[in-house]
Every structure is written in C-alpha cells, then in structure tokens.
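K.L.:
Have a look at this fold, sequence not included:
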C-alpha cells in the first residue's frame, strides 16, 4: 500500500494506522500508551492480536490475559474484550472481514487534509 494512511485516535492514549487491507482482510498497527485503557467492546470481525513490543492486559469476557512482545491472541467474532496497557505497547491487529468503518474514517481524514 503506497498511500500514506493517517494516525487515528481510537480513545485517549490509543491510536491506530491502517497497515494494509484487501477484499477479506484488514490490518492495522496500534500504539498504546502506558496506562491507557480501551473499554470493553465487540465486533463482528475475527481478530488476531500480535504484540510487536510492550506489555498489555487483554481482557476477554472478563478474563485477563497478560501479553508481551511476540505474543499472539485470537479473538472470535462478537467476543467482548477490552485492554489495559501496562507499558507502552505496539500491536499489529488483523481483522476478517475488513473494518470498513475504519477505512471510511481514514478516507474522511485524508480528504479533510486536502482542503
């Protein structure tokens, strides 16, 4: 992907940037500041969380899982999950099907910078 995708704040201390996407997959990099939290949420996409660096707690259906550099975690569709960041963390998230709402936000942000 040659186009420059914008950084988008998901919630305080957590931002994401689309890395790549296709017809059936979407991938993003997320940067999470130490102490940040993502409230519990769920989505129809399957998700693979790959910790590139750092340490965080992924809370899946109320059960905490501490993840660190190199760890990978699979989330099935519609499973409630949230995050507590223990130290600055960088994550590669892959979703299937794509996060169309994220792609739409990227496009809107790119267009707002043009004019």
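P.N.:
Received, thanks. None of these values were measured; they are calculated from a predicted model.

K.L.:
And the helices in the chain?
P.N.:
Secondary structure of the chain (DSSP state H): helices at 100-114.

K.L.:
where does it dip in pLDDT?
P.N.:
The model of the chain has pLDDT under 70 over residues 1-3, 115.

K.L.:
OK, contacts around residue 97?
P.N.:
24, 25, 26, 44, 45 (Cβ atoms under 8 Å, 6 or more residues apart in numbering). C-beta here means a position set from N, CA and C on the backbone, and glycine is covered the same way.

K.L.:
out of those, who has the most neighbours?
P.N.:
Comparing the contacts of residue 97 by number of neighbours (other Cβ atoms under 10 Å), residue 26 comes first, having 21 neighbours.

K.L.:
and that one, what are its bridge partners?
P.N.:
residue 21, residue 95 (DSSP bridges).

K.L.:
separation between it and residue 10?
P.N.:
Using Cβ to Cβ, to the nearest Å, residue 26 is found at 14 Å from residue 10.

K.L.:
okay, now residue 86: neighbour count?
P.N.:
Residues lying near residue 86 (other Cβ under 10 Å) number 16.

K.L.:
Next, find the distance separating it from residue 55.
P.N.:
Distance from residue 86 to residue 55, by Cβ to Cβ: 4 Å.

K.L.:
Then residue 99?
P.N.:
From residue 99 across to residue 55, the span is 25 Å (Cβ to Cβ).
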